[in-house]
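Undergrad: any chance you could fold what I've pasted below:
(2 chains)
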Amino acid sequence: MSQTLDGAAPATASGALARPRTARRPVVRLEQITKVYGMGETSVRALWKVSLTIARGEHVAIMGASGSGKSTLMQIIGCLDAPTAGQYFLDGVDVHDLDDDQLAEIRNLKIGFVFQSFNLIPRTTALSNVELPLIYAGVKKAERRRRAAEALAVVGLSDRLDHTPNQLSGGQQQRVALARAIVTDPAMILADEPTGALDSRSTHEVLDLFERLNNEGRTVVVITHEDEVAHRAKRVVRLRDGRVMSDTAAGSPPVLETAASVLPPPREVPA
Amino acid sequence: MNLESIRMALKGIAANRLRSSLTMLGIMIGVAAVIVLVAVGSGSAAKNRKALESLGSNTLTVAQGGFGFGNRGGTQSADLRLTDGDVTAMSDPTQAPSVRAVVPVANVRGATVSFEGASATPAQVLGTNDLYAAVRSYKVGAGSLFTADDVANDAKVVVVGTTVAKNLLGTAADPNTLVGSEVQVGAMRLTVVGVLASKGTNGTQDQDDIMLIPLSTARDGLGAAPNRIDQIIVQARGAGYTDSAQNEVTQVLLQRHKSATSNSYLVLNQASLLQTQDASNRTFTVLLGAVAAISLLVGGIGVMNIMLVTVTERTREIGIRKAIGARKANVLGQFLVEAVLLSMLGGLLGVAAGIIGSHFTIVGVKPVLETYSIALSLAVAFGVGLFFGIYPANRAASLRPIDALRYE
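TA: From the prediction side, this is the model:
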C-alpha cells in the first residue's frame, strides 16, 4: 500500500457495501483546474480554472454539450489524466505528483468507474469481472468471491454470476459494471455517459440503481448530456467551453451565468 | 507471479486457439529437434564406441603399414613384415613388462568351409593362438576353445562363430550342435571343438561370421605363409598400462626392424582412439544441437510476433484493467506469463514429440535419449518465452490508460 493513501477506504476491509461515510472532508475538491492540449498555435483549452467541490453522499450530474470539456473533467476526476495547472484533492489526497502505480492504486481503491460502453473484460464471467479490482487490491480468493457475489446481488444479478458479457443484455452488462464499481467500496462512483448505449427501459433500471446507491450513502458523479439522467441527480453542474456555467441544486431551474462573477473573463490561452 | 496471473494467461491463450497452437508448434518443433538430434548424436557416438570396444579392452593392434595418410613416397622402405620373432619378443616380460598377452593373427583368405553338403565362406578365417577369443572378448557358447597344446601340435581343430554354424546347419538349427562334427576347410578336415557365443554386429561387421584355427594348422594346410603374421594384438596388463605397452611394443619393433619408419608400421591404441572418437562425437552432437537450437530461436520470434498482435488486439482490455487499478507490474506480469506459458506448453509438447521421435532408427543410428537435452531445451524454451515476451509485455504495461481506453 502506498504511503500517500490514508486508511479511509481500505479495500481489504470486509463490511457492508453501503457503509455510510461520516468524514467531513469532501470527496472531490478541484481548485483552479486548467487543462490545455497541445502546444503553441495548435493548443486547445479544454478546461479553464474550474473549481468544484463534491461532498460525501452527493449525487452530481456534470452536463454539457460535446466539446464543453466534460470528458476532460471526467478523466481528471478519474485520475486517468493530469491537469495542466491547478490542484485536485481526491478524498483528501493531493493526486499531484503521484506516480503511475500510485494513481493505479488510487483508482482501484477510491474510484468506481462506469463507462458508456460497459468495458467489461470479454469472455470472462460476470463474477470474475467484478472480482478483478479486488485481485489488483490483493484480496484473498475466498473473500473476493464473497464480496463480488455480494456486489452482484446489490445490482440484482445474483442469477447471472457465470454469464459472460456476450450472454448478457446491455442493461445487465452495465449493472455488472456497476457491481464492479462498488465492489471495492470506493469513495465515489464515477460514471461517464452510463446510459448512452442503453434503451429506455435499461436506462431506467440503471438510473434507479444509481439513485438507490446514493440513498444508501454513496457519492455518485455522472457525466452526461442527457436531461433525463441529470434530472435524477440532486445537483447539476453545467459546463460550456471549459468553464462551469452553472451549478444548481436539482429542482431549481438552471440559473444561467450565476457564477459568472467568480469566473475570470474568457480569454485566449497565452501561447 | 501468482496463480491468478497464470489463470488469466491461460484464458488469453485459450481465447485464440488456432493462433496459440501455431505459435506453440514453432517452439515444439524446436524443442523436439534439439532432443532428437542430440539423441542421434549420442546414438552415433554409442555406436562408434561399441565398435571400438568390440576390439577388446586395453588392447593395442600392431599391423604393418599405416592407414594410408601421411607421406608414403615410393623412395621409402617397404612395409615392415611382422614375424614370429616379433611375437616372441613382445611376449618377453623384460622387454615389454606392461604386456599381458600377445596374440598373432594370420588371415586365411578365401577359405570355404563345408559340412554335409552345405558350405559357407566366413568373413574372417584367422590363424591365431588360444588367447584370441579372450582378448577380443568372445565367450564360448558350446564346447571349448582350442588350447596352447593344440597350437603347438598342429591340431586339426576349429572354433566357429554362430553365423558360420548357422550357415552350415540352417538357421533353424541350434548352432551349438555343430560341436564335435568334422568339417571340410580347404583341403583339410577339422573337428569343431567349440562354437563362440554370439556377439552380434559391431556396427559395421557381423562379429559372428568368424572361424578360428590354430596358427600352425593354418600354415600347414590352408595357405598361410610361414613366419608371416598380418596383425599382432597386444593386451596391456590393465587400463593404466596401455600407453607404456604402446611404447614398449614400438621399441621392440624399432629394435628388431632397423629399416622401420613411422609409416611402415602401425600401433593402434584402443584407449586413445576411443578418446579421439569421443571428442569428435561430442563436437558432432553439439553441432547438431546448435542447428536445432536455431529453430528454437525462430520459434521464439514467433512467440514475440503473436504477443505483439495480442497486445494490440487487447489494448482496450489493458485500458480497462489499468482504469480499475492494475499497476504496471500487473499488466507486465500478465503478458509475460502468457508468453512464457505459450513457450513452455510448446516446449512440453516438443519433449513428448522428441521422446517419441527418439524411438525410431534415424539414418541407421539408434538414437540415445539424453536427459540433459530435455532439461536444457525446456530451460531454453522458458528463456525464449521470457526474452521474447518482455518487449510486448512492456509495451502493454507502458500504455497510458486514457489512450488504451479510447482505442477502438
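Undergrad: what's the closest non-adjacent residue to residue A:157?
TA: Of all residues not flanking residue A:157 in the chain, residue A:175 sits nearest, at 5.6 Å (C-beta to C-beta, 6 or more residues apart in numbering or on different chains). (C-beta placed from N, C-alpha, C; glycine too.)
Undergrad: in three-state terms, how would the one you found be classified?
TA: helix (DSSP: H, G, I helix; E, B strand; the rest coil).
Undergrad: poorly predicted segments of chain B, please.
TA: For chain B, applying pLDDT under 70 flags the ranges B:1, B:65-79, B:203, B:262.
Undergrad: what's the nearest residue in it when you look at chain A?
TA: residue B:325 (2.3 Å; C-beta to the nearest C-beta).
Undergrad: what about stretch B:121-135, distance to the chain center?
TA: 25 Å (C-alpha atoms, centre = their mean, to the nearest Å).
Undergrad: what do you get for stretch A:145-153?
TA: On the basis of C-alpha atoms, centre = their mean, stretch A:145-153 sits 21 Å off its chain's mean C-alpha point.
Undergrad: ok, stretch B:120-136 next?
TA: That offset, for stretch B:120-136, works out to 25 Å (C-alpha atoms, centre = their mean).
Undergrad: send me it as CSV with only the CA atoms.
TA: The C-alpha coordinates for stretch B:120-136 follow below in CSV (Å, rounded to 0.1, in the frame of the first residue of the first chain):
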residue,chain,number,x,y,z
ALA,B,120,30.0,-71.1,-46.2
THR,B,121,32.6,-68.5,-46.7
PRO,B,122,33.2,-66.8,-43.4
ALA,B,123,34.2,-63.1,-43.5
GLN,B,124,37.1,-63.8,-41.2
VAL,B,125,39.2,-67.0,-41.1
LEU,B,126,42.0,-66.4,-38.7
GLY,B,127,45.1,-68.5,-37.8
THR,B,128,45.8,-67.5,-34.3
ASN,B,129,46.6,-68.8,-30.8
ASP,B,130,44.5,-69.8,-27.8
LEU,B,131,44.2,-66.3,-26.4
TYR,B,132,42.4,-64.6,-29.3
ALA,B,133,38.9,-65.2,-28.0
ALA,B,134,39.7,-63.8,-24.5
VAL,B,135,41.5,-60.7,-25.9
ARG,B,136,38.7,-59.9,-28.3
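Undergrad: show me which residues of it are buried.
TA: B:120, B:122, B:124-133, B:135-136 (16 or more other C-beta atoms under 10 Å in any protein chain shown).
Undergrad: for the residue of chain A at minimum distance from chain B, which non-adjacent residue is spatially closest?
TA: Taking C-beta to the nearest C-beta as the measure, the point where chain A comes nearest chain B is residue A:108, at 2.3 Å. Once flanking residues are discounted, residue A:108 sits nearest to residue B:325: 2.3 Å by C-beta to C-beta, 6+ apart.
Undergrad: partners of the residue nearest to the spatial centre of chain A in the sheet?
TA: The residue lying closest to the centre of chain A (C-alpha atoms, centre = their mean) is residue A:190, at 1.0 Å. Going by DSSP bridges, residue A:190 is paired in beta bridges with residue A:113, residue A:221.
Undergrad: so it sits right up against residue A:221, yeah?
TA: Yes - with contacts counted by C-beta atoms under 8 Å, residue A:190 reaches residue A:221, the gap being 5.1 Å.
Undergrad: find the residues that touch each one of those two.
TA: residue A:77 (C-beta atoms under 8 Å, 6 or more residues apart in numbering or on different chains).
Undergrad: count residues in the vicinity of residue A:142, would you?
TA: 8 (other C-beta atoms under 10 Å in any protein chain shown).
Undergrad: surely it is within a helix?
TA: Yes - applying three-state DSSP, one finds residue A:142 inside a helix.
Undergrad: distance of it from residue A:158?
TA: 18 Å (C-beta to C-beta, to the nearest Å).
Undergrad: stretch B:308-316 near chain A at all?
TA: Yes - contact between stretch B:308-316 and chain A, assessed by C-beta under 8 Å from any C-beta of the partner chain, occurs at residue B:316.
Undergrad: give the buried residues for that stretch.
TA: Buried, per 16+ other C-beta under 10 Å, within stretch B:308-316: B:310-311, B:314-316.
Undergrad: how near is residue A:78 to residue A:29?
TA: Taking C-beta to C-beta, one finds residue A:78 at 15 Å from residue A:29.
Undergrad: among these two, which residue is more densely surrounded?
TA: Using other C-beta under 10 Å as the criterion, residue A:78 and residue A:29 rank with residue A:78 on top: 23 against 18.
Undergrad: and the helices in the stretch 1-150 of chain B?
TA: B:3-15, B:17-53, B:84-91, B:132-135, B:148-152 (DSSP state H, counting those that start in this stretch).
Undergrad: can you redo those helices as TSV with distance to chain A?
TA: Compiled in TSV, the helices of the stretch 1-150 of chain B are given as follows (distance: least, C-beta to the nearest C-beta, whole Å):
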stretch	distance to chain A
helix B:3-15	6
helix B:17-53	12
helix B:84-91	81
helix B:132-135	72
helix B:148-152	84
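Undergrad: from what I see, residue B:339 and residue B:384 are in contact.
TA: No - the pair residue B:339 / residue B:384 is not scored as a contact, 9.1 Å apart, by C-beta under 8 Å.
Undergrad: if we look at stretch B:114-124, which residues are touching it?
TA: B:107, B:110-113, B:160-161, B:163-164, B:167-170, B:178, B:181-184, B:205-206, B:209-211.
Undergrad: just the terminal-to-terminal distance for it.
TA: 15 Å (C-alpha to C-alpha, to the nearest Å).
Undergrad: swap in stretch A:133-145?
TA: 12 Å.
Undergrad: how about it: buried residues?
TA: Those would be A:133-137, A:139, A:144-145, for stretch A:133-145 by 16+ other C-beta under 10 Å.
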